[in-house]
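S.K.: Need a 3D model of the following:
(2 chains)
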Amino acid sequence: MATSPRTLFDKIWDAHVVTERDGEPAVLYIDLHLVHEVTSPQAFRGLRARGIKVRRPERTVATMDHSVPTQAGTARGRMPVVDAEAAAQLAELEKNCAEFGVELFALGSDHQGIVHVIGPELGFTQPGMTIVCGDSHTSTHGAFGALAFGIGTSEVEHVLGTQCLLQRRPQTMLVEVSGQLAEGVTAKDIILALIAKIGVGGATGHVIEYAGEAIRALTMEQRMTVCNMSIEAGARAGLIAPDEVTFEWLKGRPRVPQGAAWDAAVARWQALPSDPGATWDTTVVLDGSALEPMITYGTNPGMGIAITQPVPAPDQMSDPRERAALDKALRYMDLEPGRSLLGHPVDVVFLGSCTNSRLGDLRAAAQVVAGRQVAPGVRFLVVPGSQAIKRQAEAEGLDRIFREAGAEWRESGCSMCIAMNGDQLRPGQYAVSTSNRNFEGRQGKGGRTFLASPLTAAAAAVTGRITDPRQL
Amino acid sequence: MFDRIQSRAVLLPHDDIDTDQIIPARFLKVTSRDGLGVHLFQDWRYDAGGAPKADFPLNAEGARGAKVLIAGHNFGCGSSREHAPWALCDFGFRAVVAGSFADIFRSNALKNGLLPVALGSEEHARVCAARQADPSLEVTIDLERQEVAWASQQPIRFAVDPFARRCLLEGVDELGYLLSLQREIEAYEASR
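M.R.: Residues are numbered from 1 along each chain as shown, chains lettered A, B, ... in the order given. Next up is the predicted model:
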């Protein structure tokens, strides 16, 4: 029977619909459920209240990341967590995982790390899967050609209890990034440029598929950076078709199929890419060769510019809503419209988060930092995404480069991206951050965030100012 | 069960209000759903000393007891934290009227009996203006009829997922519904 051409999204969705009654949402089967301390306690309590079990503990994996301390040595539990509430939440996760039979990579585990870093790293994340987590940056896993999206705690409970979710089929968006990136332009700049172009609500209701020459040329780590921030454009999920780069990266990881089962899995995965003639509801085209290093100036990730451009001026905005939003953002950031950000002083630089804390990010930043010193008065935090990344970076001597330059080399966790663990900006401080959100107070109450790539962050760390990394 | 709402409204007309503003991350270190209303919009609502800011709409006379929040476009963007609707509900809100909603927030809100009402740009501008002109404006939201009205405004129909509507009106429990499909789920698992 001939079927019409399908997208990567269509293939994954269709293969996971358990049932779909007339007028009701689809019942979507979930292959992998990732759990962390902050969005799960109420869900486990719900199970207990109903007297039900976790339906598929073997499809459920937990870690501690959001509120864990990251000072040197704390991964072994030698330093206390930030406060009693955080400690209680971590203890509750440990208790819940033990009671419900869920595998946990706790503080002290060799594999502890940010949930969206360790999922792929351990090979839990695989092409063609449906993956959810009570965290909006679950979109990261789409880099492997998995349909991965963030859910709320009620839905965490639904998946724990039934391995299923009630979902309406979303719309699809193709984002085609053509050409080759110039020197000094990174995956982070692609995604910041896309969000600046379509806005923070530009992909609401859609699942994005990223394609094109510039996307194909990315490493898996870089693809994760792009997919990670899909949510910042409003898309619940971002997908990249699996290819040889994907298979090569995954091969041999602890939880992927091994031997003959691996070959069979690859054969299945090779059928996942969108068919010729498949169509999307919306298409956006971005010229990758024209991109420059990007930086945000405002209080949402869509307020971004090429680093060489001036900050936009409210009086040049024709739309009154846009004008009001820009005006409010610039007042919070205390920035002058129409001026370049280059040379703007910086207090803190944060290299980390599920967006940019992987080995390639650390290597890129270390290249900039090597032979230089962190500028006087600047605090530079380097927070690897996982214990495995930390070990590998140390084996390569990256920690020495950062430490000798005067940076803080820390343990793995979400750290200053969400500022729940005590790593935070003070009111009024400016940070260049490789994380994903520049919302008011996101990195600490009253703190001001410029989002940028690891290269741009490292350049700011050694100069103490916003600096075009291509000029160093 | 979700009844018809008739209530004063709090106006917070900014676009792209993210869930970090609705409830900052430092208040997520909880293990229950309760009591978050006091921290709703914490950093906009209180000054550095913890005193309520007089000019913040949630602190205005009449905000207490209001069941409707009127916000701008793309309300609830950012983090998936369900603490956002928990905090809104705990404060007393039953519905948010906005130009549009972020996907995860919309889904989380509906699971907590908080009704997201998205209006077209022109109608949204009209309700903002009406509330601006009259702080005691009463907004009526009828989920059964899928209509919102205020003052002399003729009822405006709004869209809502029919399944979510039924869940709200009939008090259907989504997890209970999923659990009732156990045989289908088992059959699916066996077929893979």
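S.K.: Over to stretch A:382-393 now: how far is its first residue from its last?
M.R.: Using C-alpha to C-alpha, to the nearest Å, one end of stretch A:382-393 lies 11 Å from the other.
S.K.: ugh, typo on my part, it should be stretch A:397-411
M.R.: 16 Å.
S.K.: how far does the longest strand along chain A sit from the chain's center?
M.R.: Selection of the longest strand in chain A by residue count, based on DSSP state E, yields strand A:171-178. Remark: strand A:171-178 is offset 19 Å from the chain centroid, using C-alpha atoms, centre = their mean, to the nearest Å.
S.K.: What segments of chain B are strands?
M.R.: Counting by DSSP E, the strands of chain B are B:5-12, B:68-71, B:95-98, B:115-118, B:138-142, B:147-150, B:156-157.
S.K.: circling back: which helices and strands does the next helix or strand after the longest strand of chain A pack with?
M.R.: Where DSSP states H and E defines the elements, the next helix or strand beyond strand A:171-178 is helix A:187-198. Under the contact criterion of 3 or more C-beta pairs under 8 Å, 6 or more residues apart in numbering or on different chains; DSSP states H and E, helix A:187-198 touches strand A:171-178, helix A:220-228, strand A:282-287, strand A:294-296, strand A:304-306. Quick note: C-beta positions are derived from backbone N, CA and C, even for glycine.
S.K.: so which of the strands of chain B is the most packed in?
M.R.: Highest mean neighbour count among the strands of chain B (mean count of other C-beta atoms under 10 Å in any protein chain shown): strand B:68-71, with a mean of 27.
S.K.: what pLDDT does residue A:78 get?
M.R.: Per-residue pLDDT puts residue A:78 at 55.
S.K.: How about residue B:130?
M.R.: So residue B:130 comes in at 98 (pLDDT).
S.K.: Isn't it up against residue B:150?
M.R.: Yes. Between residue B:130 and residue B:150 a contact is recorded at 5.7 Å, counting by C-beta atoms under 8 Å.
S.K.: For stretch A:17-33, buried residues please.
M.R.: Neighbour counts over stretch A:17-33 (16 or more other C-beta atoms under 10 Å in any protein chain shown) mark A:18-19, A:25-33 as buried.
S.K.: nope, stretch A:192-199 is what I was after
M.R.: Here stretch A:192-199 shows A:192-196, A:198-199 as buried, counting by 16+ other C-beta under 10 Å.
S.K.: And for stretch A:463-471?
M.R.: For stretch A:463-471, burial by neighbour count (16+ other C-beta under 10 Å) applies to A:463-470.
S.K.: In helices only, show me the residues you listed.
M.R.: In this view, the buried residues of stretch A:463-471 that belong to helices under DSSP state H are residue A:463.
S.K.: Output the buried residues of stretch A:463-471 as CSV; include the columns pLDDT and distance to residue A:427.
M.R.: Shown next, in CSV, are those (pLDDT from 0 to 100; distance: C-beta to C-beta, whole Å):
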residue, pLDDT, distance to residue A:427
A:463, 98, 24
A:464, 98, 20
A:465, 98, 21
A:466, 98, 20
A:467, 98, 25
A:468, 98, 28
A:469, 98, 28
A:470, 98, 33
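S.K.: Give the single residue among the buried residues of stretch A:463-471 positioned nearest to chain B.
M.R.: residue A:466 (23.2 Å; C-beta to the nearest C-beta).
S.K.: Dihedrals phi and psi, that closest one?
M.R.: Here is the backbone geometry of residue A:466 (degrees, to the nearest 10): phi -70, psi 120.
S.K.: same question, residue A:147
M.R.: Main-chain torsions, residue A:147, degrees, to the nearest 10: phi -90, psi 100.
S.K.: contacting residues for it?
M.R.: For residue A:147, the contact set (C-beta atoms under 8 Å, 6 or more residues apart in numbering or on different chains) comprises A:9, A:12-13, A:16, A:129-131, A:207, A:237, A:239.
S.K.: contacting residues around residue 34?
M.R.: By default, I'm working from chain A. So residue A:34 contacts A:61-63, A:115-116, A:119, A:124, A:131-133, A:135, A:138 (C-beta under 8 Å, 6+ apart).
S.K.: actually chain B
M.R.: Neighbours of residue B:34 in contact, by C-beta under 8 Å, 6+ apart: B:86, B:90.
S.K.: ok, now with 10 Å
M.R.: A:42, B:86, B:90 (C-beta atoms under 10 Å, 6 or more residues apart in numbering or on different chains).
S.K.: ditto for residue A:283
M.R.: A:172-176, A:209, A:211.
S.K.: go with 8 Å
M.R.: Contact analysis of residue A:283 by C-beta under 8 Å, 6+ apart lists A:173-176.
S.K.: same thing with residue A:311?
M.R.: A:297, A:305, A:330, A:335-341.
S.K.: if you set the cut-off to 10 Å instead, what comes out?
M.R.: With C-beta under 10 Å, 6+ apart, residue A:311 has these contacts: A:295, A:297-298, A:303, A:305, A:326, A:329-330, A:333, A:335-341, A:344.
S.K.: so where's chain B uncertain?
M.R.: Segments of chain B classed as low confidence (criterion: pLDDT under 70) are B:1.
S.K.: remind me, longest helix of it?
M.R.: Chain B, longest helix under DSSP H: helix B:121-133.
S.K.: tilt between that one and strand B:138-142?
M.R.: Interaxial angle of helix B:121-133 relative to strand B:138-142 (axes from the mean of the first three to the mean of the last three C-alpha atoms, to 10 degrees): 140 degrees.
S.K.: Report the buried residues of helix B:121-133.
M.R.: B:123-124, B:127-128, B:130-131.
S.K.: Any chance of the backbone angles for residue A:16?
M.R.: Per-residue torsions, residue A:16: phi -120, psi 10 (degrees, to the nearest 10).
S.K.: do the same with the one 5 residues further on
M.R.: In terms of degrees, to the nearest 10, the main-chain angles of residue A:21 are phi -80, psi 150.
S.K.: That one and residue B:180 touch, don't they?
M.R.: No. With contact defined as C-beta atoms under 10 Å, residue A:21 does not count as touching residue B:180 (11.5 Å).
S.K.: Flag every buried residue along stretch B:23-40.
M.R.: Going by 16+ other C-beta under 10 Å, stretch B:23-40 has these buried residues: B:23-31, B:33, B:36-37, B:39-40.
S.K.: can you pull the contacts of residue 30?
M.R.: All of this is about chain A. A:16, A:55-56, A:59-60, A:129-132, A:147, A:151, A:155, A:158-160, A:162-165, A:167.
S.K.: My question was about chain B, not that one.
M.R.: A:38, A:41-42, A:85, A:88-89, B:36, B:39, B:83, B:86.
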